[in-house]
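[1] Here you go, sequence then predicted model.
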2 protein chains.
Amino acid sequence: MPLSEFSIIAQYFSRQSRRQDVLLGVGDDAALMEVPAGMQLAVSVDAMVAGRHFPLNTSPEAIGHKVLAVNLSDMAAMGAEPAWVTLALTLPEPDTEFLTGFAAGFYRIAERYGVELVGGDTVRGPLHLAVQIQGLVPRGKALTRAGAQSGDHLFVTGTLGDAGAGLALAQGRLECSGTDGAALRRRLDYPAPRVEAGLALRDIASAAIDISDGLLADLGHILEASVVGAELEIDSIPLSSSLTCCVADVEQRLRYALTAGDDYELCFTVAEDKLEALERAAGGWDFPITRIGRITTGAGISFCHGEPLADLVSGYDHFGESDA
Amino acid sequence: MPLSEFSIIAQYFSRQSRRQDVLLGVGDDAALMEVPAGMQLAVSVDAMVAGRHFPLNTSPEAIGHKVLAVNLSDMAAMGAEPAWVTLALTLPEPDTEFLTGFAAGFYRIAERYGVELVGGDTVRGPLHLAVQIQGLVPRGKALTRAGAQSGDHLFVTGTLGDAGAGLALAQGRLECSGTDGAALRRRLDYPAPRVEAGLALRDIASAAIDISDGLLADLGHILEASVVGAELEIDSIPLSSSLTCCVADVEQRLRYALTAGDDYELCFTVAEDKLEALERAAGGWDFPITRIGRITTGAGISFCHGEPLADLVSGYDHFGESDA
């Protein structure tokens, strides 16, 4: 029996509201929300297509997780507290198994971060997901890409390259069985947005971005917006033991870490006099942060330790040739 | 030469900000906006797929217009002033002719209503558009579907059925040359959201919805949310001279008017003591309003003049069998 648009929304996407600032959720012409005094609204959108943004063999639950996680990651990079999301879900057919898994993955991470789905549109077509997220940030406190200054220290959260290696595994370009391979694939399918780090960095970082297209490409956006350069300490790039174990070739590890997207770690800059505050804040996080270089007066990225790879490309471009 | 994601955004979708409440537009991890004190945020999303929500032969300019118009229409139905939108644009390839036409249509209607594009995502895949819109409404003033009361009068803006006939024309199911046929096709391709009516109706209407899925289906949503019934005066349904001219069969006209979607007129209810205020407000509009019945204590829709059509279906369902 085909499910209608109305019953899909009612059955899978109309959970009870938990946020008091949502006056009207799914089910009218628009949702209605209350923005607290003194807060600014941060808004971002990310779309995903099967076979490009996740491998075709990705589980519905992982797809539900990931499409929200990448939007939460944008909020983290702005220092915004994620609040409300809308979902435009396009499906070839109303597939109850897909919808059940997708909703489970979507709501698990939504509840983890206190985010509420306030609007949706379900249409028939090739599998496609677009999530738009709204977050709140105290007036003047947002983290942008434009505040990095010469002399600032350059940091990343977590480890880099895992999702890139996970994609290679999913596509059969890399083989690695056991827990290390599974860990890499999990990093691709279930990225962890660094929301708590983003909130704490509001008063600490001078600029921030999330690494969706690879460190070199995303750091490049900070440099361009801030009109500065960066000196990257290649030997300091944090790599996971799973990556090191699964990828024997040192140069290939680095290629994943620098140019593969989908890690959704934060890359941020911190002035000298905020380093102590950073150390205090990071003490409470369950993921590492690593200093990987510094901001310079130049333009672009230079490398102070290790040899830059000759053929490093400048990140993932959705109209380029790389495919998920 | 292929266009990259970055150059598509820069070239086609980064026009100068015109709204003072947009502190940071396209180009960072999120946009940043200021919500004025005393205003609530209205949020809605609509997605469109080629061949389902518009005929394959629709011009890029009309697609750009329509994807924003349907979202503006949701704001109108809430009595919200449209403010900011995001666009998730999925294209098979970076087609400059499409992008130029699409951006022209999109920005023309955006500027007409003072709406600013604050975020976007462009990805490669089958043509797909998702727009999310945010509007502002004074606290407690939003028009919902839930306020209709027995005895209220039932109104619609404009004329109904034109877009349905326009779709039949576009698909070769109806023939009508000359200006009348062109007018119907134009109503399908370039719907006019009733934003000024929605704003004026804040203090006048008891409930409102926009007619995207056909009068019977959308009026049904008001009745369900308000827990009331309606008596529809079939002979009062406003039909355009183009529809009357192009469609000889009276029953078929009515079928378009009652069950075809895509008109994006407003359907709203008004208490007896607000009729004078409505008359005053509507005097300034360049489209008609028509009283088409009244709200009753019953449930569902009854017909007090004319014969209801036996085989009227309950509106357009995106997972049903109808295709654009």
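    Cool, the structure landed.

[2] Can you list the buried residues in stretch A:270-288?
    Neighbour counts using 16 or more other C-beta atoms under 10 Å in any protein chain shown place A:270-271, A:274, A:278, A:281-282 of stretch A:270-288 among the buried residues. Quick note: C-beta positions are derived from backbone N, CA and C, even for glycine.

[3] Just the pLDDT for the residue nearest to A:Lys274 when sequence neighbours are not counted.
    Among residues not flanking A:Lys274 along the chain, A:Ile204 sits closest, at 4.9 Å (C-beta to C-beta, 6 or more residues apart in numbering or on different chains). On pLDDT, A:Ile204 comes in at 98.

[4] can you pull the contacts of A:Ile204?
    Contact analysis of A:Ile204 by C-beta atoms under 8 Å, 6 or more residues apart in numbering or on different chains lists A:270, A:274, A:277-278, A:281.

[5] switch the cut-off to 6 Å
    A:Ile204 is in contact with A:270, A:274, A:277-278, counting by C-beta atoms under 6 Å, 6 or more residues apart in numbering or on different chains.

[6] same deal with A:His221?
    A:145, A:209 are the contacts of A:His221 under C-beta under 6 Å, 6+ apart.

[7] What helix or strand is it located in?
    Assigned by DSSP states H and E, A:His221 falls within helix A:215-226.

[8] Export that helix to PDB, keeping only CA atoms.
    Output of helix A:215-226 as PDB, limited to C-alpha atoms (Å, rounded to 0.1, in the frame of the first residue of the first chain):
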ATOM      1  CA  LEU A 215      41.900  20.400   5.700                       C
ATOM      2  CA  LEU A 216      43.800  22.200   2.800                       C
ATOM      3  CA  ALA A 217      40.600  23.400   1.200                       C
ATOM      4  CA  ASP A 218      38.800  24.400   4.300                       C
ATOM      5  CA  LEU A 219      41.900  26.100   5.900                       C
ATOM      6  CA  GLY A 220      42.200  27.900   2.600                       C
ATOM      7  CA  HIS A 221      38.700  29.400   3.200                       C
ATOM      8  CA  ILE A 222      39.900  30.800   6.600                       C
ATOM      9  CA  LEU A 223      43.000  32.200   5.000                       C
ATOM     10  CA  GLU A 224      41.100  33.800   2.100                       C
ATOM     11  CA  ALA A 225      38.400  35.300   4.400                       C
ATOM     12  CA  SER A 226      41.000  36.500   7.000                       C
END
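
[9] List the buried residues for that helix?
    A:215-223, A:225-226.

[10] show me where the stretch 201-324 of chain A has helices.
    Along the stretch 201-324 of chain A, counting by DSSP state H, counting those that start in this stretch, helices occupy A:215-226, A:241-246, A:250-259, A:275-282.

[11] Serialize those helices to TSV and add fields for distance to A:Leu87.
    Listed next are the helices of the stretch 201-324 of chain A as TSV, based on distance: least, C-beta to C-beta, whole Å:
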stretch	distance to A:Leu87
helix A:215-226	25
helix A:241-246	31
helix A:250-259	30
helix A:275-282	32
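
[12] mind putting the buried residues of helix A:215-226 in CSV, pLDDT included?
    As requested, these are exported to CSV (pLDDT from 0 to 100):
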residue, pLDDT
A:Leu215, 96
A:Leu216, 95
A:Ala217, 94
A:Asp218, 96
A:Leu219, 97
A:Gly220, 96
A:His221, 95
A:Ile222, 97
A:Leu223, 97
A:Ala225, 96
A:Ser226, 97
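
[13] The contacts of A:Ile204: which two are farthest apart?
    Largest separation among these by C-beta to C-beta: A:Val270 and A:Ala277, giving 8.5 Å.

[14] max-length helix in chain A?
    Once chain A is assigned using DSSP state H, the helix that runs over the most residues is helix A:60-78.

[15] Can you spell out which helices and strands pack onto it?
    In terms of contacts (3 or more C-beta pairs under 6 Å, 6 or more residues apart in numbering or on different chains; DSSP states H and E), helix A:60-78 is packed against strand A:39-49, helix A:96-112, strand A:128-138, helix A:195-201, strand A:205-210.

[16] Which one of these lies nearest to B:Pro138?
    Nearest to B:Pro138 among the helices and strands packed on helix A:60-78 is strand A:39-49 (16.9 Å), distances taken as C-beta to C-beta.

[17] CA atoms of the closest one as CSV?
    Taking C-alpha atoms only, strand A:39-49 is exported to CSV below (Å, rounded to 0.1, in the frame of the first residue of the first chain):
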residue,chain,number,x,y,z
MET,A,39,20.4,36.1,20.4
GLN,A,40,21.2,36.1,16.7
LEU,A,41,20.0,33.5,14.2
ALA,A,42,22.6,31.3,12.4
VAL,A,43,21.2,29.5,9.3
SER,A,44,22.8,26.9,7.1
VAL,A,45,21.7,24.3,4.5
ASP,A,46,23.3,21.1,3.3
ALA,A,47,22.1,18.7,0.6
MET,A,48,23.1,15.1,0.1
VAL,A,49,22.7,12.8,-2.9
